[in-house]
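Q: Turn this into a model:
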Amino acid sequence: MTVALIDSGLGLVPTTGWLRHLAPRLDLLLLMDPDGAPWGSRTASYVTDRLLAAARTAVARGARALVVPCNTATVTAIDLLRREFEPDLPVVGTVPAVKPAAAAGRSVAVWATVRTTASAYQERLIADFANGTPVARVACPGLAEAIDHGDKDAATAAIAAAAERTPADCDSVVLGCTHYPLVAPQILERLPAGVTLYDSAEAVARQTLRRLNGAVGAVGAEPAEGAGQAVGAVDVQLSGRPGVLPAAALAYPVGRALASGTWVPRAALMSAATRLPVTTPAN
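A: Numbers count the residues shown, from 1 in each chain. Alright, predicted model coming up:
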């Protein structure tokens, strides 16, 4: 069974890692768009066209579910995708984890791209789900791009700048871009002790498996940690061309695990809410 994930860059890697961890026998089709990246700076019509083209390619290749691990693409075109493909196959989008962060924290900061921070979409999320909890909007210029290029120095500088703009009383930080979990350990290092990071990649992966269970029957239980696991294929398309994960993905534990064709251990992933740095497994 094949699940397709669509994003312009490495933002799809965390959700892909969770799917490989939770359901290792699934075949995964990763449709990336280096020619059009980053989608965050593109017009809505451009993103819609690229997303729909990738989705149609995925369906033609036998995908049984479509996952959009990208906030920009979700807000821009998820409704169009659902109108075209549901109910024949599940379409799962991504929403930043504002609701659980606000429920658990006294004060929340949302780290996101400049465009998302200024968007009506984020304001609606905060209005709908913050439930009166104070929310700071923290733009992170250059961070997603640095992650996409595997540029550790640029990512470190962007994280430091964002941490300086985060109010000292925030005890919860929502990662409002799907790239950011890849540098969760570095983010935690820059925040005060006790701050919890919230991310939606795990929730998106679990929702995908729930939708698949309803559509095609049980996918299987989460495998035991440390067990040898048979794994499905990981097929990568780069702007419609066959390819492999970009070299920048190898800068991150989950990217290395996916590229090696092995099961992804929990240690390589960021949990939905975490205070402790993600452990980097040995190469």
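
Q: Could you check the pLDDT of the residue lying closest to Asp148 once chain neighbours are set aside?
A: Nearest non-adjacent residue to Asp148, counting by C-beta to C-beta, 6 or more residues apart in numbering: Gly9, 4.3 Å away. To be clear about C-beta, it is placed using only N, CA and C from the backbone, and glycine gets the same treatment. Listed pLDDT for Gly9 reads 95.

Q: mind checking how far Gly9 is from Asp171?
A: 30 Å (C-beta to C-beta, to the nearest Å).

Q: Settle it for me: which of those two has more neighbours?
A: Gly9 (25 against 17; other C-beta atoms under 10 Å).

Q: What segments of the stretch 51-200 of the chain are helices?
A: 71-85, 98-104, 114-117, 120-129, 143-148, 152-165, 184-190 (DSSP state H, counting those that start in this stretch).

Q: can you give me how far the longest one is from the chain middle?
A: It stands for helix 71-85. 16 Å (C-alpha atoms, centre = their mean, to the nearest Å).

Q: What is the neighbour count of Ala60?
A: The burial count for Ala60: 8, using other C-beta under 10 Å.

Q: Quick check, central residue of this protein?
A: For the chain, the residue sitting closest to the mean C-alpha position, by C-alpha atoms, centre = their mean, is Thr178 at 3.4 Å.

Q: Show the contacting residues for the residue nearest to that residue when sequence neighbours are not counted.
A: The shortest distance from Thr178 to any non-neighbouring residue, by C-beta to C-beta, 6+ apart, is to Gly11 (3.6 Å). By C-beta atoms under 8 Å, 6 or more residues apart in numbering, the contact set of Gly11 is 69-70, 144, 177-179.

Q: Are we agreed that Gly11 is in a helix?
A: Yes. Assigned with DSSP: H, G, I helix; E, B strand; the rest coil, Gly11 falls within a helix.

Q: Between the helices of the stretch 51-200 of the chain, which one is closest to Asp235.
A: helix 71-85 (19.1 Å; C-beta to C-beta).

Q: List of residues touching the closest one?
A: Counting by C-beta under 8 Å, 6+ apart, 6-8, 39-40, 44, 47-48, 51-52, 55, 59, 66, 68, 91, 93-96, 112-113, 115-116, 119, 121, 176-178 sit against helix 71-85.

Q: Mind checking which of these land in strands?
A: Among the contacts of helix 71-85, the residues falling in strands (DSSP state E) are 6, 66, 91, 112.

Q: for the first one, what are its contacts?
A: Right, the one you point to is Ile6. So Ile6 contacts 12, 31, 51, 54-55, 58, 66-70, 73 (C-beta under 8 Å, 6+ apart).

Q: how does it look with 6 Å?
A: 31, 54, 68 (C-beta atoms under 6 Å, 6 or more residues apart in numbering).

Q: okay, those residues in a markdown table with pLDDT and neighbour count next?
A: Shown next, in a markdown table, are the contacts of Ile6 (pLDDT from 0 to 100; neighbours: other C-beta atoms under 10 Å):
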| residue | pLDDT | neighbour count |
| --- | --- | --- |
| Leu31 | 98 | 26 |
| Ala54 | 97 | 27 |
| Val68 | 97 | 29 |
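
Q: for these, which one is nearest Arg137?
A: Nearest member of the contacts of Ile6 to Arg137, counting by C-beta to C-beta, is Val68, at 23.0 Å.

Q: For the closest one, what are phi and psi?
A: Main-chain torsions, Val68, degrees, to the nearest 10: phi -120, psi 90.

Q: wouldn't it be in contact with Gly93 here?
A: Yes. With contacts defined as C-beta atoms under 6 Å, Val68 counts as touching Gly93 at a distance of 4.9 Å.

Q: Show me what the lowest-mean-pLDDT helix or strand in the chain is packed against.
A: Lowest by mean pLDDT, DSSP states H and E among the helices and strands of the chain is strand 273-274, with a mean of 77. On a contact count with 3 or more C-beta pairs under 6 Å, 6 or more residues apart in numbering; DSSP states H and E, strand 273-274 meets strand 196-198.
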